[in-house]
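1. Need coordinates for the below:
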Amino acid sequence: QVQLVESGGGLVQAGGSLRLSCAASGRTDVTYAMGWFRQAPGKEREFVAVSSWGGRKTTYADSVKGRFTISRDNAKNTLYLQMNSLKLEDTAVYYCAANLVSNSMVVTTTPRDYDYWGQGTQVTVSS
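-> Reported below is the predicted structural model:
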């Protein structure tokens, strides 16, 4: 099992910044890509960003490209999402997720491919 705990959410004005963190614990004998997803009220969970195991490969949703940056520190077992120039439409619950992989460069944007999920952290952007 891999446990994931998000933190760093909150209320921010449009144009502001937040940094989310996701601390992983549990199994240390596996490699996994890690991603961020979000879900707004009444909408389906959507992909935001993903990082490969070593962080060398990243992919972003078009809606956040150029504003969000995903990174990870495997020594600290932590995934980050730096969110800049936040917009009202970024308001959602943000989830981190881990996808067990055998290839350190594999990334996926599909929620059902992920094996473990955190509980989520609320991000609210106000005008």
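2. Compute the number of surrounding residues for Ser126.
-> Burial measure for Ser126: 11 neighbouring residues, criterion other Cβ atoms under 10 Å. For every residue, glycine as well, the C-beta is placed using N, CA and C.
3. Name the nearest residue to it, sequence neighbours excluded.
-> Distances taken as Cβ to Cβ, 6 or more residues apart in numbering place Gln13 nearest to Ser126, at 5.6 Å, with adjacent residues excluded.
4. what residues are up against that neighbour?
-> The neighbours of Gln13, taking Cβ atoms under 8 Å, 6 or more residues apart in numbering as the test, are 86, 125-127.
5. top of those residues by neighbour count?
-> Counting neighbours by other Cβ under 10 Å, Leu86 leads the contacts of Gln13 with 22 neighbours.
6. element containing that one?
-> Assigned by DSSP states H and E, Leu86 belongs to neither a helix nor a strand.
7. Hmm, it is touching Gly10, no?
-> No. Applying Cβ atoms under 8 Å as the test, Leu86 and Gly10 come out as separate, 10.9 Å apart.
8. Quickly list what's touching both of those two.
-> Residues touching both Leu86 and Gly10 by Cβ under 8 Å, 6+ apart: 18, 123.
9. For the residue nearest to Ser126, grab phi and psi.
-> Backbone torsions for Gln13, taken as degrees, to the nearest 10, come to phi -80, psi 150.
10. Equivalent analysis for the one 5 residues further on, please.
-> In terms of degrees, to the nearest 10, the main-chain angles of Leu18 are phi -150, psi 150.
11. List the contacts of it.
-> By Cβ under 8 Å, 6+ apart, the neighbours of Leu18 are 8-10, 12, 83, 86, 123.
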